[in-house]
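Visitor: Task: produce atomic coordinates for the following.
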Amino acid sequence: MRVHFIAIGGSAMHNLAIALHDKGFTVSGSDDVLFEPSVSRLAKRGLLPIEQGWFPAKITKEIDAIILGMHARADNPELLKAQELGLKIYSYPEYIYEQSKDKIRVVIGGSHGKTTITSMILHVLKTAGKNFDYMVGAQLEGFDTMVKLTHDAPVIVIEGDEYLSSPIDRRPKFFLYKANLAVLSGIAWDHINVFPTFGIYTDQFAGFLKTMETGGKVIYSEQDQVLAEVVNASDAPVAKIPYNLPQFKITDGITSLIHNQKTYPLQVFGEHNLLNTEAARLICLELGIEEDQFYEAITAFKGAARRLELLGKGDGINVYKDFAHSPSKLKATIHAVKAQFPDRKLLALIELHTFSSLNKDFLGEYAHTMDEADEAIVFIDEHTFQQKKMEPYPAEVVKDAFSREDITVFNHAEELLKHVEAVEIQNKNLLFMSSGNFGGVDLNKLTEKLLHKFTHTQIIN
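Guide: Just a heads-up that it's a prediction; the model follows:
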């Protein structure tokens, strides 16, 4: 097979390109912007485009399939050439389905927790020596790439989100996988630029259930009232299996699961991660993993990249970064750190970076999400407004939206950095949350500088 990627540099796209290359396909691609780590990973396999840009001459009748990424536009010159030639054009989720039609497809969906649940399942399956394919949205320890596709694996585990599949396919990605087994972790309004009302957003999850294979099973969080209503109202011909918090305890900053009167200490924490663990356990049972085998394996799970990732620690001080950016994720992550370390103060910093989070009509969804933090900071890089062609608004709008007058708002990375470097961090945890990069602030260097104020510190990265 000869395949060509339009927008090969994307996170999912370059990993799929590598997976197909490793499977023996002839792979080519183009992109107008390429960043690390995709540059190094593509170059290592000889897949890095010689020049950045779009080159219609690359598109010929000899190509068996075009795989179109979301970064490309509907008027992309390579896409127009492919359409003119009548080539078969796939979005990447559509092509993953094409490569896994004969496998058991496990799809992990929901507004939050998808990456972590998927990562937990992959960790346990790998520990158990199972043969499986996968697609996950973060780089995992012990896994070379974020996508694996083989000829012989009987199962594929897919992180499936509700965002659009491609510029010319407006269906949510998780519709295209036709799941045999699924997890839905929760529903919390996101992607306001695509789903302008909560009702429209919720409809996508009801629609997902209808795309599942007849006789499939959906495992869903019973704690999420909206999700439970959607699942219970569905007439999709699938079995519905609810899950809730497992039995656990927190001792000296360590969360442990309790099963059959035995204690299993975890390296992750927070009620949201306990729920994620329970979802992963139920899927693993469906895939033939014994319960004791699961509990033993999950104790070694360190978490996915940027999901409550520990940057450094010292005496009475931990510094974390997390991918949290939506209101539900922000609130859950803050609660997790406070519950794990109730005797420490918490400085929580959130960067509003996505279109939804910056939208003034959506901003009110953040009300009271940072109430548990002892000190709260909101960062909005002034350049982000310019890049997204949005009208900036003053700090008072942010304070009103979060319903917290003592929130500090920064628009310049230099001012944020100066403020944080001056913070008295003894007996205090710091939590950086963003899907962006805080205006280019190097969080590892910042962590090292903060911790070097004290003795007995341990730098993680």
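Visitor: hang on, I104 packs against V157?
Guide: No: contact criterion C-beta atoms under 8 Å: I104 and V157 do not qualify, at 9.3 Å. All C-beta spots, glycine's among them, are computed from the backbone N, C-alpha and C.
Visitor: Which residue of these two possesses the greater neighbour count?
Guide: Under the criterion of other C-beta atoms under 10 Å, the comparison of I104 against V157 puts V157 first, with 28 against 18.
Visitor: Surely the more buried one is in a strand?
Guide: Yes: under DSSP: H, G, I helix; E, B strand; the rest coil, V157 falls within a strand.
Visitor: and it, what are its bridge partners?
Guide: Note on V157: beta-bridge partners by DSSP bridges are V106, Y134.
Visitor: now it: how far from I219?
Guide: Shown here: V157 relative to I219, a distance of 13 Å by C-beta to C-beta, to the nearest Å.
Visitor: repeat for T277
Guide: Distance from T277 to I219, by C-beta to C-beta: 12 Å.
Visitor: shared neighbours, V157 and I219?
Guide: I283 (C-beta atoms under 8 Å, 6 or more residues apart in numbering).
Visitor: Quick check on the closest residue to H368 other than its chain neighbours: phi, psi?
Guide: In this structure, H368 finds its nearest non-sequential neighbour in S403, 5.2 Å apart by C-beta to C-beta, 6 or more residues apart in numbering. Backbone torsions for S403, taken as degrees, to the nearest 10, come to phi 50, psi 40.
Visitor: same thing with A228?
Guide: phi -60, psi -40.
Visitor: who are the neighbours in contact with it?
Guide: Contacts for A228 (C-beta under 8 Å, 6+ apart) come out as Y220, S221, E222, P242.
Visitor: which one of those is nearest F385?
Guide: S221 (34.7 Å; C-beta to C-beta).
Visitor: Give the helix, strand or coil label for the most centrally placed residue in the chain.
Guide: Closest residue to the average C-alpha location of the chain: T115 at 4.6 Å, with C-alpha atoms, centre = their mean. Counting by three-state DSSP, the backbone at T115 sits in helix.
Visitor: Could you pull up the residues touching it?
Guide: V136, G137, A138, E159, A304, R307, F323.
Visitor: The first one touches E159, doesn't it?
Guide: Yes: taking C-beta under 8 Å as the contact criterion, V136 and E159 are neighbours in contact, 5.0 Å apart.
Visitor: joint contacts of the two?
Guide: Joint contacts of V136 and E159 (C-beta under 8 Å, 6+ apart) are T115, T118.
Visitor: Which residues are in contact with V441?
Guide: Counted by C-beta under 8 Å, 6+ apart, V441 has contacts A413, L416, L417.
Visitor: Let's see that with 10 Å instead.
Guide: Contact analysis of V441 by C-beta atoms under 10 Å, 6 or more residues apart in numbering lists L349, E351, F379, D381, A413, E414, L416, L417, V420, F432, S434.
Visitor: cool, and E365?
Guide: 188-190, 192, 198, 326-328, 330, 356-357, 359, 401.
Visitor: So which residues of the stretch 351-461 of the chain form strands?
Guide: Under the criterion DSSP state E, counting those that start in this stretch, the stretch 351-461 of the chain carries strands at the ranges 375-379, 408-410, 428-433, 458-459.
Visitor: Let's have these in a markdown table, adding mean pLDDT.
Guide: Shown next, in a markdown table, are the strands of the stretch 351-461 of the chain (pLDDT from 0 to 100):
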| stretch | mean pLDDT |
| --- | --- |
| strand 375-379 | 97 |
| strand 408-410 | 96 |
| strand 428-433 | 96 |
| strand 458-459 | 52 |
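Visitor: Quick one, which of these gets closest to I254.
Guide: Here strand 428-433 is closest among these (C-beta to C-beta), at 15.0 Å.
Visitor: Tally up the residues packed near the closest residue to K23 other than its chain neighbours, please.
Guide: Once flanking residues are discounted, K23 sits nearest to L149: 5.6 Å by C-beta to C-beta, 6+ apart. Per other C-beta under 10 Å, the neighbour tally for L149 reads 21.
Visitor: do A280 as well
Guide: Neighbour count of A280, defined by other C-beta under 10 Å: 31.
Visitor: Assumed it was part of a helix.
Guide: Yes: under three-state DSSP, A280 falls within a helix.
Visitor: Surely F5 touches V27?
Guide: Yes: using C-beta atoms under 10 Å, F5 makes contact with V27 at a distance of 7.1 Å.
Visitor: neighbour-wise, which of the two wins?
Guide: More crowded of F5 and V27, by other C-beta under 10 Å: F5, with 29 against 24.
Visitor: And K44, how far from G142?
Guide: Distance of K44 to G142, computed by C-beta to C-beta: 18 Å.
Visitor: How about R281?
Guide: From R281 over to G142 (counting by C-beta to C-beta), the distance is 20 Å.
Visitor: Counting neighbours around each, name which of those two comes out higher.
Guide: Shown here are R281 and G142; by other C-beta under 10 Å, R281 has more neighbours (23 against 10).
Visitor: got the contact list for E229?
Guide: E229 touches I187, T202, A206, counting by C-beta under 10 Å, 6+ apart.
Visitor: Check the gap between the second one and S111 for me.
Guide: In this case it means T202. 10 Å.
Visitor: list residues touching both of the two?
Guide: I187, W189, V226, L227.
Visitor: mind listing what the first one touches?
Guide: When you say that, I think you mean I187. 109-112, 162, 198, 201-202, 204-206, 220-221, 224-231, 328.
Visitor: Please check those residues and keep the buried ones.
Guide: Buried by 16 or more other C-beta atoms under 10 Å: 109-112, 162, 201-202, 204-206, 220-221, 224, 226-228, 230-231, 328, out of the contacts of I187.
Visitor: Now intersect these with the helices, please.
Guide: Among those, the residues falling in helices (DSSP state H) are Y201, T202, Q204, F205, A206, V226, L227, A228, V230, V231, S328.
Visitor: quick one: the residue nearest to the fifth one when sequence neighbours are not counted from Y243, how far?
Guide: Yep, that's A206 we're talking about. Leaving aside its sequence neighbours, A206 sits nearest to V230 (C-beta to C-beta, 6+ apart; 5.3 Å). Going from V230 to Y243 by C-beta to C-beta gives 15 Å.
Visitor: Many thanks, have a good one.
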